[in-house]
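Colleague: Here is my input, please return the structure:
(chains A and B)
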Amino acid sequence: MIGIIRTIWLTFLHLFHKNETVQYPDVKPYLSPRYRGRIVLTRDPSGEERCVACNLCAAACPVDCISLQKGERDGRWYPEFFQINFSRCIFCGFCEEACPTYAIQLTPDFEMSEYVRQNLVYEKEDLLISGPGKVPDYSFYNVSGLAIPGKGKGEAEREAPPVDTHSLMP
Amino acid sequence: MWSLLIILVTVFGVLGVAAISTMLERRLLGFFQDRPGPNRVGPFGLLQVMADAVKMLFKQDWIPPFADKPVFLLAPVIGFLAVLLSFAVVPVTTTWSVAGTLNVGLLFVFGMMGLAVYSVVLAGWASNNKFALLGGMRAAAQMLSYEVFMGLSLMGVVMTARSFSMNDIVEAQSKVWFIVPQILGAVVFLLAGIAETHRLPFDLPEGENELGAGFHTEYSGMKFGMFFLAEYAGVALISCLITTLYLGGWRGPLLPPAAWFILKAGFLICFFILLRAALPRPRYDQLMSLGWKVLLPLSLLNTVVTGAILLLRASA
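Modeller: The predicted structure is shown next:
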């Protein structure tokens, strides 16, 4: 009996407590840069696509939501198409960890609702952003040994010129 | 002309109070649970009532093919009309009452409350669904049990005021409100009133975890809405009755009588909502044993003691 009255009184006191609710669409929560939200494809500092279509992200993906096709242009590899099916994506971030070129990155955007399920399959146009994302000054082709127009073998950063295996000189 | 105005204002006032208390309840429940409640529609969420009404009206109003159609349609109407008619005898002020100074006012209210049982029982039966039927049966048992000592608990008030007329009862409280000498009766009446309108925590006829939704499982759209409006109007009715019978009705200093009445009744409606927020629903057998083993003896005791005191005072 006392317990019931006490319960009623304590509940009444809640009238003067502070609201715990976050008024979400008006007040956005702070999400750290490492938050694993929407996936984007980034570009290197010179504005070229970072993705080299190595397929490591698709291989690492536990739910097989990534599919892509390699293409080649001027010695550079790039994805001909790149799809992420966000209705399957579990936002685990394995693709970001597997990526050798920092091309694929997860961002703090989680507002990705669609009215049509088909719209959740993002094509390359939807994924590719104009900037370098979280890694501003990394360019894969500047450090790789691959020859591309404007840069021969051995001209990359921290790279020695190729050894001429036919020469007999020490 | 004057009486027609009173009737219209009473009917629409009750409808308005019932509609607004649906919003008020959700808002207050929100505050009791440290959240704002519905606050999106209109200033302070005040247009939520409109939004709910629009939703109710445009929902598919489906009658199951296996239901007993005429009874199915009639059940919510009976419930709503019974509550609405009870308001006829509630005196807001000395002059503001549909039935005027009806000398059997209180009896009329009990007659109407007896009819309200039909609403839930018929709804449960006409739905032709075992869960709805169980809900209806529980409602019948609960409401009939609590009606018994709901009436008995009031006998103290009636004996002291020597009248069944609501106006006379308010007049009899000119010295002291009946809640002081009749506190036992008031508590029993409050509990019985909650059970009568099957409000939480005594909403056993519903019981969504065992019974689907209870007696209104098969109801949809505005017919369901009528059950709900009837429940809220019932809350308002019980609040008005407690105000009239125990809290001195329109009596009070400074403010006009109608304001006092509305203030007291509104406070009680908020108290009903607080009870809903605070207390868990008892088990069905706990509800019944509380009713028959505690509240019935208490109300009988109250009647006997009040009678004895009145006799002693009369002979002295």
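Colleague: In space, not sequence, find me the middle residue of chain A.
Modeller: Centroid-nearest residue in chain A, with C-alpha atoms, centre = their mean: A:Q105, separated by 1.6 Å.
Colleague: Now do A:A59, the pLDDT please.
Modeller: For A:A59, the pLDDT comes out at 95.
Colleague: The closest residue to chain B within chain A: how many residues sit nearby?
Modeller: Proximity of chain A to chain B (C-beta to the nearest C-beta) peaks at A:T11, 3.8 Å away. All C-beta atoms are positioned from the backbone trio N, CA, C, and that covers glycine. Neighbour count for A:T11, taken as other C-beta atoms under 10 Å in any protein chain shown: 17.
Colleague: Same question for the one 5 residues further on.
Modeller: Taking other C-beta under 10 Å as the neighbour definition, A:F16 ends up with a count of 7.
Colleague: and if you look at B:L102?
Modeller: 18.
Colleague: how about the closest residue in space to it that isn't next to it in sequence, what does it touch?
Modeller: In space, and not counting its chain neighbours, B:L102 is closest to B:V89: 5.3 Å by C-beta to C-beta, 6 or more residues apart in numbering or on different chains. B:V89 sits next to B:97-99, B:102, B:105-106, B:108-109, B:166 when contact means C-beta atoms under 8 Å, 6 or more residues apart in numbering or on different chains.
Colleague: Please, which helix or strand holds the residue of chain A closest to chain B?
Modeller: Assigned by DSSP states H and E, A:T11 belongs to helix A:2-13.
Colleague: What helices and strands are in contact with that helix?
Modeller: helix B:257-278 (3 or more C-beta pairs under 8 Å, 6 or more residues apart in numbering or on different chains; DSSP states H and E).
Colleague: what's the nearest residue to the residue of chain B found nearest chain A if we skip its chain neighbours?
Modeller: Nearest to chain A, among the residues of chain B, is B:A278, at 3.8 Å (C-beta to the nearest C-beta). Nearest non-adjacent residue to B:A278, counting by C-beta to C-beta, 6+ apart: A:T11, 3.8 Å away.
Colleague: what does B:F189 give?
Modeller: Counting by C-beta to C-beta, 6+ apart, the residue nearest B:F189 is B:S153, at 4.5 Å.
Colleague: contacting residues around the one you found?
Modeller: By C-beta under 8 Å, 6+ apart, the contact set of B:S153 is B:184-186, B:188-189, B:192, B:295, B:298-299, B:302.
Colleague: ok so, going back, and the residue of chain B closest to chain A, how many neighbours?
Modeller: B:A278, neighbours per other C-beta under 10 Å, totals 20.
Colleague: that older thread, tell me the one among the contacts of B:S153 nearest to B:I78.
Modeller: Taking C-beta to C-beta as the measure, B:I78 lies nearest B:A192 of the contacts of B:S153, at 20.8 Å.
Colleague: Okay then, goodbye and thanks.
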